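*Asks:* coordinates for the following, if possible.
(one chain, ligands or ions: 3)
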Amino acid sequence: SKKNGKNQYNFYQNGMEGVSENHLRMEQDLHHAIVNNEFKLYYQPQVDTLKGHMYGVEALIRWQHPKLGMLTPFHFIDIAEETNLIIPIGEWIVREACRQGKEWHDSGLMLQVSINISPKQFQSNQLVDLIADALEESGFDPSCLIIEITEAIAMSQIEKTVDTMYRLKKLGVRISIDDFGTGHSSLSYLTELPIDALKIPREFVQNLGTETNNAIVHTIITLANNLNLKLVAEGVEHLEQLQLLQEMGCSYIQGYLFSRPILKEDVQLFTLDKQPL
Ligand code: C2E
Ligand code: CA
Ligand code: CA
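*Replies:* Ligands and ions are numbered 1, 2, ... in the order given. Predicted coordinates:
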């Protein structure tokens with residue numbers, strides 16, 4: 001799991017190097033990556049299965065590392081977070097996602113764009129100004145920008161979080177809770193925070209079929225409906241999962257069943273024609 005991420009860097013082929021040296025090298029490489037523009041945003045389609053169309057995408061970062069090839073966040077996001085490099089990287093993500101969203105809108109593709117905001121980035125004092133600036137600079141419709149944060153972020157430094165969230169809402173952007181229900185937190189924050197959407201985590205989707213898990217997913221769906229929150233299920237890989245989710249009342253779907261994260265050019269080509277709906 002992601003918690004072991006820090007021990008995964010010995011894929012540098014030198015067997016004599018310790019984890020900390022790899023860590024250091026990774027950190028240096030991350031500095032270069034920012035300067036050399038080695039990051040890329042991939043986008044995973046989100047499908048409205050009732051209307052039968054793609055309504056949004058989630059931006060997911062990749063690193064085209066000069067020696068190691070294409071790396072997923074698993075290999076570098078923890079180090080970026082620990083070293084604060086997530087701040088400049090995150091700034092690039094926000095600006096790039098808004099720029100891309102505006103480009104799609106201009107071409108007639110009216111997508112929502114979701115971005116992941118890390119804990120450090122959320123707690124940094126510049127976040128709201130950054131997003132305001134990126135929206136203004138790009139001209140992207142704020143209501144189409146979705147900020148994904150985890151429950152852990154929502155729960156920590158609650159007063160500051162409430163303040164940041166209301167300032168974000170003032171900009172017109174929307175806020176979604178990622179991996180809802182995995183954070184071991186109480187539900188009371190849902191009444192205090194201006195949240196627009198919940199994401200059903202992949203873990204729950206993968207275990208659909210067992211009685212307990214179905215009950216959990218069903219509860220999340222009921223909760224979202226009652227609180228008037230939008231709901232997206234992520235990690236949907238199989239038709240049976242899609243059908244179960246639809247039966248339970250969740251029709252916004254993200255997962256390999258429809259598409260892996262893809263390049264921006266391929267988002268424009270994405271079509272549901274041959275998809276199992
Ligand atoms: P997440 O936000 O929960 O993103 C969903 C992850 O599940 C993505 O992995 C996505 O590629 C993967 N996924 C989507 N559908 C399926 C499926 O049907 N089956 C399976 N097995 N996996 C699926 P990815 O891109 O490797 O990202 C992993 C995590 O890294 C993300 O989890 C998010 O927490 C973080 N991350 C990704 N991009 C960013 C970013 O731009 N900024 C920040 N701060 N974190 C990011
Ligand atoms: Ca996410
Ligand atoms: Ca997840």
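
*Asks:* hang on, residue 26 in a helix?
*Replies:* Yes - with DSSP: H, G, I helix; E, B strand; the rest coil as the criterion, residue 26 is part of a helix.

*Asks:* surely it meets residue 79?
*Replies:* Yes - here residue 26 reaches residue 79: they are 5.2 Å apart, a contact under Cβ atoms under 8 Å. (Each C-beta comes from the backbone N, C-alpha and C, glycine too.)

*Asks:* report how many residues lie close to the residue nearest to residue 96 when sequence neighbours are not counted.
*Replies:* Nearest residue to residue 96 in three dimensions, chain neighbours excluded: residue 41, at 5.5 Å (Cβ to Cβ, 6 or more residues apart in numbering). Residue 41: 21 surrounding residues under other Cβ atoms under 10 Å.

*Asks:* where does residue 41 fall, helix, sheet strand or coil?
*Replies:* Residue 41 - assigned by three-state DSSP - is strand.

*Asks:* give the contact list for it.
*Replies:* 59, 60, 61, 62, 93, 96, 97, 100, 264 (Cβ atoms under 8 Å, 6 or more residues apart in numbering).

*Asks:* counting neighbours, which of these end up buried?
*Replies:* Buried subset of those (neighbour count, 16 or more other Cβ atoms under 10 Å): 59, 60, 61, 62, 93, 96, 97, 100, 264.

*Asks:* surely the second one touches residue 74?
*Replies:* No - checked against Cβ under 8 Å, the pair residue 60 and residue 74 is beyond contact range at 11.2 Å.

*Asks:* tell me the secondary structure at the spatially closest residue to residue 40 that is not a sequence neighbour.
*Replies:* Distances taken as Cβ to Cβ, 6+ apart place residue 62 nearest to residue 40, at 4.9 Å, with adjacent residues excluded. Counting by three-state DSSP, the backbone at residue 62 sits in strand.

*Asks:* how far away is residue 62 from ligand 1?
*Replies:* 7 Å (Cβ to the nearest ligand atom, to the nearest Å).

*Asks:* now that residue: how far from residue 231?
*Replies:* 27 Å (Cβ to Cβ, to the nearest Å).

*Asks:* so which strand or helix has the residue nearest to residue 258 when sequence neighbours are not counted?
*Replies:* Among residues not flanking residue 258 along the chain, residue 47 sits closest, at 5.1 Å (Cβ to Cβ, 6+ apart). Using DSSP states H and E, the element containing residue 47 is strand 39-48.

*Asks:* so which residues on the stretch 101-250 of the chain come close to ligand 3?
*Replies:* Counting by Cβ under 5 Å from the ion, the stretch 101-250 of the chain comes close to ligand 3 at 179, 201.

*Asks:* around ligand 1, which positions in the chain sit nearby?
*Replies:* 44, 59-61, 72-74, 77, 93, 116, 118, 178-179, 202, 234-237, 255-256, 261 (Cβ under 6 Å from any ligand atom).

*Asks:* of those residues, which belong to helices?
*Replies:* Of the positions in the residues of the chain next to ligand 1, 77, 93, 202 sit in helices, assigned by DSSP state H.

*Asks:* tell me, how many residues neighbour the first one?
*Replies:* Same thing as residue 77. 19.

*Asks:* thought it was touching residue 118?
*Replies:* Yes - at 7.1 Å, residue 77 and residue 118 qualify as touching, with contact defined as Cβ under 8 Å.
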